[in-house]
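1. Next comes the sequence, and after it the predicted model I'd like to discuss.
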Amino acid sequence: MPIYEYRCEGCGHELEVIQKMSEAVLRDCPECGEPRLKKLVSAAGFKLKGTGWYATDFKDSGKKKQKSEAPAKSEPKTGGCGGGCAH
């Protein structure tokens, strides 16, 4: 269930309430009793889990992978015959 933040426009009291999304918005301030509570806009905190999300599938895709084998050494370039003949 989400946590909603409220502030009373009368006395300034702030509170957080765990409510179902289907529940009615609170109106009465628990501090002063006036029906002046307003729901605040706040950022929701959540974590994406499982496959298909950046943290599990694409996190390392931008990094260069190291090769497990050493690159093959190239032979020095000589004439077309590999250096074993007299041109």
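-> Looks like it came in fine. Numbers count the residues shown, from 1 in each chain.
2. Can you name the residues that contact Gly31?
-> Quick fix: residue 31 reads Glu, not Gly. 8, 11, 13 (Cβ atoms under 8 Å, 6 or more residues apart in numbering). All C-beta atoms are positioned from the backbone trio N, CA, C, and that covers glycine.
3. Any regions of the protein where pLDDT drops low?
-> 50, 52-87 (pLDDT under 70).
4. residue boundaries of the strands in this structure?
-> Ranges of strands within the chain are 3-8, 14-18, 37-39, based on DSSP state E.
5. now the ones you listed in a markdown table, with mean neighbour count?
-> As requested, the strands of the chain are exported to a markdown table (neighbours: other Cβ atoms under 10 Å):
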| stretch | mean neighbour count |
| --- | --- |
| strand 3-8 | 16 |
| strand 14-18 | 12 |
| strand 37-39 | 16 |
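6. Go through these and name the closest to Cys29.
-> strand 3-8 (3.9 Å; Cβ to Cβ).
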